Structures are given as structure tokens and as C-alpha cells.
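Structure for the following, please:
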Amino acid sequence: MIPITEAIQLIKAQSKPLLKSTFKTLEKAGGYRLFDTVVSPINMPPFRQSAMDGYALCLHDSLTYQLIGEVKAGDAHQPILKPGEAVRIFTGAPVPDSANAVMMQEKVIVHVNSITIANRIEVNTNIRPLGEQVKKGEQALTKNTKLTPAAIGYLSSLGVSTVNVFKKPSIALVTTGNELVETGTDLAYGKIYESNSKMLLSALYSLKFYDVSIHKVEDDYEKTQSKLDAVINEHDLVIITGGISVGDYDFVGKALNALGVTEHFYKVKQKPGKPLFFGTKQNTAIFALPGNPAAALTCFYVYVYITLRKMMNRKLVELPRIHATSRSDFKKFGDRPQFLKATYTNGSVEILEGQSSAMQQTFALANVLVFMEEDCSTIAVGDKVEVILLPV
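Purely as a prediction, here's the structure:
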């Protein structure tokens, strides 16, 4: 059994950036990071563009201009203006090459066939020049840029439809246990509804990891070994729940050993989640989490999250930690460090009732974990405590 800090350091050392790429359409590329720099295929804007609703002018010495036409957004015609002539123009419309300024409509008096502007205007006023944002052949977005909604919109405006992005890991969720049945079926005596796969799938989806498959295996050694062999060979990350303890029907550890998985640690001095396994085989990372749901989810956030971030080559790989004032009293039994389900609001935190490793109801209300060190046995109201912020 190793301490939490050692377990975290081992995970950081053994989890490697994935550094694979895949092509995604823009509609499905949100949240990914660019694997290659995107070069603009066009000038943006692709023509001299009006920044205002108003009048495009061919400047001369007078404040009065003859009105000879109109240009709307999307128009392709090019009126030819002589000095002293103007056309009505709208925001986003192409400015004729013969015009050299746009006067906003609020500063124009309109007559029957002419206009008078309020004051003299400088050349190129209210005209967005060709290629103002980016010119054809220039870098539009550089490698490793996160594709936010704004980035997606920007690339779409350039006519880009597909991008090469860093591939996210393919993940297998494996649940074990003869006692588990699917929701929607009758609950026979001795059975429970399986929830870990849906819980972890939701956690992965909330972190924008969507390449996830779910696998179920009975408490049988040969079937467990066969299933784990298949998923380890086909995925970048394997997350197993249950079957990692030392009971007569816990076959996960034996199967992983038989498959040649390198064990980096098994059992962490903590509560909940002591029977936690982390190993690797070639380029696949393997976690075996406890079967109790609250313990499994705690281990996911404290440990698996690090591997996911490392695979995506992120610099900040742990969930953020802050200090908050406790609104609760709590007494810890035993000498293991403990992660407590809690709610955080405006600088203070309330430790919830029901800290058992099986208590999903409590975890459903929590938005943080309070961390109690090994040498801390009690928390009193008003104490400063360390808080792990869970993803929202």
C-alpha cells in the first residue's frame, strides 16, 4: 500500500501524451486542439467591406455628393464612382473599388438625388480592408489551439470544413460482477442495478471524451482474462470497476498479471478507494477501480483524470485545489487520509452526511471533495480545509 502522493507521481510519470491525430469536420471538432497549423485559404474579409450602414463616397472637396445607386450585403456588382458621387451601402457589403470612405448614415442628410455629409472624412474611414483579419496563405490558427466556438466560427468563415486535431483516447469501461443487472429489468433477490458504467460514462462525456465503449464481464476468470485482453489491445485507456479486491471471485488482478500488465501500484493508503490498481501494457493505461460507486468516482477524479489530461498533453493535470472554511464538524476514524464528499459555496464548505464508499446519494449532491491528511483526525466549524473542485 502506497501513499497518495506517490500514487499520483507514478501516474504522472507513466502516463504519456497520445500524440495521435484524426480529421474532424468543424461541426464535430469543438473542444479538440489543432494537430496542424491552419493556413487561411482566402483573404478575410475577401473584399473591402463596409463597417457601417451608410454611404460609400468617392471623396471630393464639397460636403455634398450625388447619389447614384445602392450596394447591399451579398451584391456582386461594382458601381464606378466619380469624385463627388456616392452609393447607399450596408454593413458587410462590398465597398466599390472607386469609393474611398464610408460615412455612417447618422451623419448624413438625404435629399432627393444627393446627400450632404456632416463633416469631412478621412480616406478609408469605416472600410474594413481586404485581408484585415488574415491574408491568404497566412497562419489562421496555430497548432495546439483549442477549438472553442469562436475558433470554429472563425475557421468556418474562412471556408475551412475539416481540421486535423489531436486524437482523444479511446476508452473502454469494464464492469464486473454477477450481482449486476441492467436498469429496466426486474430486480431479483440478491441483484443490484449496475450504475458504475453510466456514472463513469457521464463523467467522461462531461470532460469531452466521447470515444468510449462499455463492456460487462461475469465473475469468471477465463471470461475476465479474455475480455481484458481484447480491450487492452484495442484501447488507449481501460477503466475497470470491481473485481480488484482479494475475494474468491475477484479475478481482475490475476487476469491482468497473466496478461503481462506492468503493475505500477496496487492499493493506496486512502479512504475511500484503497483497492486501486494502476498499470500499463505497451501504450495502454489500465486502472482497476473499486466496485463501490462513490469510491470508484473518487478514484476517477483524483487519479484517472490525471492520465486523461496527460494523454491530451495538458500542463495542468490535476483538478484544482483551494482552501475553504468548514461549516461542519467531522471526525475521522483510522489513520488513512480521506476524501469527503461536500458542497462548496462562496468560500465555505459543508461536509455531507453519508461518507460511505457506497453512498451515491451523497455524491450526487457534492461539488467538491474535502481532503483530510493522515495526521488530521477532526475538522471543526471554522477550520480551514483543503478542497478539490470537481468538474461542473
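
nearest spatial neighbour of residue 231, skipping sequence neighbours?
residue 172 (3.9 Å; Cβ to Cβ, 6 or more residues apart in numbering). To be clear about C-beta, it is placed using only N, CA and C from the backbone, and glycine gets the same treatment.

Let me see the contact set for the closest residue in space to residue 43 that isn't next to it in sequence.
Sequence neighbours aside, residue 131 is the residue nearest to residue 43 in space, at 3.8 Å (criterion: Cβ to Cβ, 6+ apart). Residue 131 makes contacts with 43, 44, 45, as judged by Cβ atoms under 8 Å, 6 or more residues apart in numbering.

Residue 131: which element?
Using DSSP states H and E, residue 131 is not contained in any helix or strand.

Let's test this: mean pLDDT of stretch 185-198, rounded?
Regarding stretch 185-198, the rounded mean pLDDT is 84.

just stretch 225-236 next, same as before
97.

so how far is that stretch off the chain centroid?
26 Å (Cα atoms, centre = their mean, to the nearest Å).

Show me which residues of that stretch are buried.
By 16 or more other Cβ atoms under 10 Å, the buried positions in stretch 225-236 come out as 225, 227, 228, 229, 231, 232, 235, 236.

what pairs with the one helix or strand in the chain whose mean pLDDT sits lowest, and is each one parallel or antiparallel?
Across the helices and strands of the chain, the lowest-confidence element by mean pLDDT, DSSP states H and E is strand 180-181, at a mean of 76. Note on strand 180-181: by DSSP bridges, its sheet partners are strand 192-193 (parallel).

Next secondary structure after the strand it pairs with?
Counting by DSSP H and E, the next helix or strand C-terminal to strand 192-193 is helix 196-206.

Now list the buried members of the contacts of residue 131.
Among the contacts of residue 131, those classed as buried by 16+ other Cβ under 10 Å are 43, 44, 45.

which one of those residues is nearest residue 389?
residue 44 (38.5 Å; Cβ to Cβ).

Verify the contact between that closest one and residue 132 for me.
Yes: when contacts are counted by Cβ atoms under 8 Å, residue 44 is listed as touching residue 132 (7.5 Å).

any idea how far the residue nearest to residue 43 is from residue 281?
51 Å (Cβ to Cβ, to the nearest Å).

Residue 173 now?
Distance, residue 173 to residue 281, using Cβ to Cβ: 17 Å.

for residue 302, same thing?
Between residue 302 and residue 281 the computed distance is 22 Å (Cβ to Cβ).

And for residue 311?
15 Å.

Now do the phi/psi pair for residue 233.
Main-chain torsions, residue 233, degrees, to the nearest 10: phi -70, psi -20.

Without its sequence neighbours, what residue ends up closest to it?
Residue nearest to residue 233 in three dimensions, not counting chain neighbours: residue 284, with 7.8 Å by Cβ to Cβ, 6+ apart.

same deal with residue 316?
Nearest residue to residue 316 in three dimensions, chain neighbours excluded: residue 309, at 7.1 Å (Cβ to Cβ, 6+ apart).

and that neighbour, helix, strand or coil?
Of the three states, residue 309 takes helix under DSSP: H, G, I helix; E, B strand; the rest coil.

Quick check, it in contact with residue 319.
No: between residue 309 and residue 319 there is no contact under Cβ under 8 Å: 9.3 Å.

quick revisit: residues touching the residue nearest to residue 231, list them.
If you count contacts by Cβ under 8 Å, 6+ apart, residue 172 has them with 212, 213, 214, 215, 231, 234, 235, 237, 238, 239.

Surely the last one is within a helix?
It stands for residue 239. No: Residue 239 is assigned strand when assessed by three-state DSSP, not a helix.

I'd like the distance between it and residue 94.
Distance from residue 239 to residue 94, by Cβ to Cβ: 55 Å.

Between the two, which has more neighbouring residues?
residue 239 (28 against 22; other Cβ atoms under 10 Å).

and residue 221, how many neighbours does it have?
The burial count assigned to residue 221 is 13, neighbours taken as other Cβ under 10 Å.

hmm, back to that, which strand residues bridge the residue nearest to residue 231?
With DSSP bridges as the criterion, residue 172 is bridged to residue 213, residue 238.

Give me the distance between it and residue 284.
According to Cβ to Cβ, residue 172 stands 9 Å off from residue 284.

overlap in contacts of these two?
Counting by Cβ under 8 Å, 6+ apart, the residues touching both residue 172 and residue 284 are 235, 237, 238.
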